[in-house]
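K.L.:
here is my input; please provide its structure:
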Amino acid sequence: MAGRTRDKLLAATLRVVAEQGIARVSARTIAAEADVNQALVFYHFGSIDELLVAACEQGAADRVAAYRDDLAQVGDFAGLVALARAVHEREQAAGNIALLGQLLAGASSHPGLGPATARGLERWTAEVHGVLERLLGAGPLADLVDVAGLARGVGAAFVGLELYDGVDPDGARAAFGALEQLGRLMGLLDDLGPIERAALRRRVRRAGGA
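P.N.:
Take a look at the predicted model:
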């Protein structure tokens, strides 16, 4: 029973943040959304900030887990971009894009929320890092790219596109289209023969000063 109540409060917190905004978060609104006694908010979490942090981390863990199998099946860069677009559309329909925006907006007024949101984004970065390491390791750019840095760049770009879509949906669609073109161009590198791969690696090393 206690576990179910706790889960209800976590889910209710995320719904309140996404649908009503971070400014509307209170023990009363969350308890009403969860259909539980208001005192249970403090019994299970101690404070609203602690509840927000727990809800943020649980929500991120759930969303990453929902796409882990899809990420494991990505076979090329075009597939990664296609999955990113699909994730965007599903998460937008589920209200999670609005949720992310509210969590980021609330970081200044809820001290623990910023680090919790960062930890949630780090979960995504870790998953993307694994995909990029696998894709680059099989291609001509193996060992020539800072995979960890690239994973963070991809994650930051995706978050930016998620938020940008709220003010300029056409621009966001154009950005995804350009990324799909880039994904197809990256795919051409995998078709290079041994001589072309060796030449490309030499040019990349010279350009990077390696």
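K.L.:
contacts, neighbours, all on C-alpha from now
P.N.:
Will do.
K.L.:
distance check, the closest residue in space to residue 96 that isn't next to it in sequence against residue 95.
P.N.:
Spatial nearest neighbour of residue 96, excluding adjacent residues (Cα to Cα, 6 or more residues apart in numbering): residue 18 at 6.9 Å. Using Cα to Cα, to the nearest Å, residue 18 is found at 6 Å from residue 95.
K.L.:
got the CA coordinates for the helix or strand containing the residue nearest to residue 96 in PDB?
P.N.:
Take DSSP states H and E as the rule and residue 18 turns out to sit in helix 2-20. Taking C-alpha atoms only, helix 2-20 is exported to PDB below (Å, rounded to 0.1, in the frame of the first residue of the first chain):
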ATOM      1  CA  ALA A   2       2.700   2.500   1.000                       C
ATOM      2  CA  GLY A   3       4.600   1.700  -2.300                       C
ATOM      3  CA  ARG A   4       1.500   2.300  -4.400                       C
ATOM      4  CA  THR A   5       0.800   5.600  -2.600                       C
ATOM      5  CA  ARG A   6       4.300   6.700  -3.200                       C
ATOM      6  CA  ASP A   7       4.100   5.800  -6.900                       C
ATOM      7  CA  LYS A   8       0.800   7.600  -7.200                       C
ATOM      8  CA  LEU A   9       2.400  10.800  -5.800                       C
ATOM      9  CA  LEU A  10       5.300  10.600  -8.200                       C
ATOM     10  CA  ALA A  11       3.100  10.200 -11.200                       C
ATOM     11  CA  ALA A  12       0.700  12.900 -10.000                       C
ATOM     12  CA  THR A  13       3.600  15.300  -9.500                       C
ATOM     13  CA  LEU A  14       4.800  14.900 -13.100                       C
ATOM     14  CA  ARG A  15       1.200  15.400 -14.400                       C
ATOM     15  CA  VAL A  16       0.800  18.600 -12.300                       C
ATOM     16  CA  VAL A  17       4.100  20.000 -13.500                       C
ATOM     17  CA  ALA A  18       3.300  19.200 -17.200                       C
ATOM     18  CA  GLU A  19      -0.300  20.200 -17.300                       C
ATOM     19  CA  GLN A  20      -0.500  23.100 -14.800                       C
END
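K.L.:
any idea how far that helix is from the chain center?
P.N.:
Chain-centre distance of helix 2-20: 20 Å, with Cα atoms, centre = their mean, to the nearest Å.
K.L.:
what's the answer for stretch 90-109, then?
P.N.:
How far stretch 90-109 lies from its chain's middle: 11 Å, per Cα atoms, centre = their mean.
K.L.:
so which residue is dead centre in this structure?
P.N.:
The structure's the chain has its C-alpha centroid closest to residue 124; by Cα atoms, centre = their mean the separation is 4.7 Å.
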